[in-house]
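Visitor: just a sequence and a predicted model for now, questions to come.
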Amino acid sequence: MILISLEEKKTVLEKYPDVHIVRTMKHDSKRHRYYMVEDPGPMRVIKQMRGEWVDKPRRSRNNRNQRPQKVQRDHR
């Protein structure tokens, strides 16, 4: 589980309403913390909010299954 803020909690719940988020210290309102399960979708939202997410370049559909072409050499 990962520690998140109240703002992050609200943003994640807007996009993923079924994600499991737990609040600690329910009786003492000033000492609570929010923890979220580390699922891939909600973690992507958290990392984007924190500036940690870097989009990976995607391979095009045409080149997905192709291997790089071998360079043919003239053997003498």
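Guide: On my side now, so go ahead. Numbers count the residues shown, from 1 in each chain.
Visitor: going forward, measure contacts and count neighbours with C-alpha atoms only.
Guide: OK.
Visitor: tell me where the chain has helices.
Guide: 6-15, 40-50 (DSSP state H).
Visitor: can I get these in TSV including mean pLDDT and mean neighbour count?
Guide: Listed next are the helices of the chain as TSV, based on pLDDT from 0 to 100; neighbours: other CA atoms under 10 Å:
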stretch	mean pLDDT	mean neighbour count
helix 6-15	95	14
helix 40-50	92	15
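Visitor: including distance to D74, could those go into JSON lines?
Guide: JSON lines is the format used below for those (distance: least, CA to CA, whole Å):
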{"stretch": "helix 6-15", "distance to D74": "58"}
{"stretch": "helix 40-50", "distance to D74": "49"}
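Visitor: and of those, who's closest to Q72?
Guide: helix 40-50 (42.7 Å; CA to CA).
Visitor: just to revisit the earlier point, so which of the helices of the chain comes closest to H32?
Guide: That would be helix 6-15 among these, by CA to CA, at 10.2 Å.
Visitor: how about the residue nearest to the spatial centre of the chain: what's its closest non-neighbour residue?
Guide: Central residue of the chain (CA atoms, centre = their mean): R44, 1.9 Å from the mean position. Closest residue to R44 apart from its sequence neighbours, by CA to CA, 6 or more residues apart in numbering: W53 at 7.0 Å.
Visitor: what do you get for V22?
Guide: That would be Y35: by CA to CA, 6+ apart, it lies 5.2 Å from V22.
Visitor: between the lowest-mean-pLDDT helix or strand in the chain and helix 6-15, how many degrees?
Guide: Here the helix or strand of the chain ranked lowest by mean pLDDT, DSSP states H and E is helix 40-50, holding a mean of 92. Using axes from the mean of the first three to the mean of the last three CA atoms, to 10 degrees, the direction of helix 40-50 lies 140 degrees away from that of helix 6-15.
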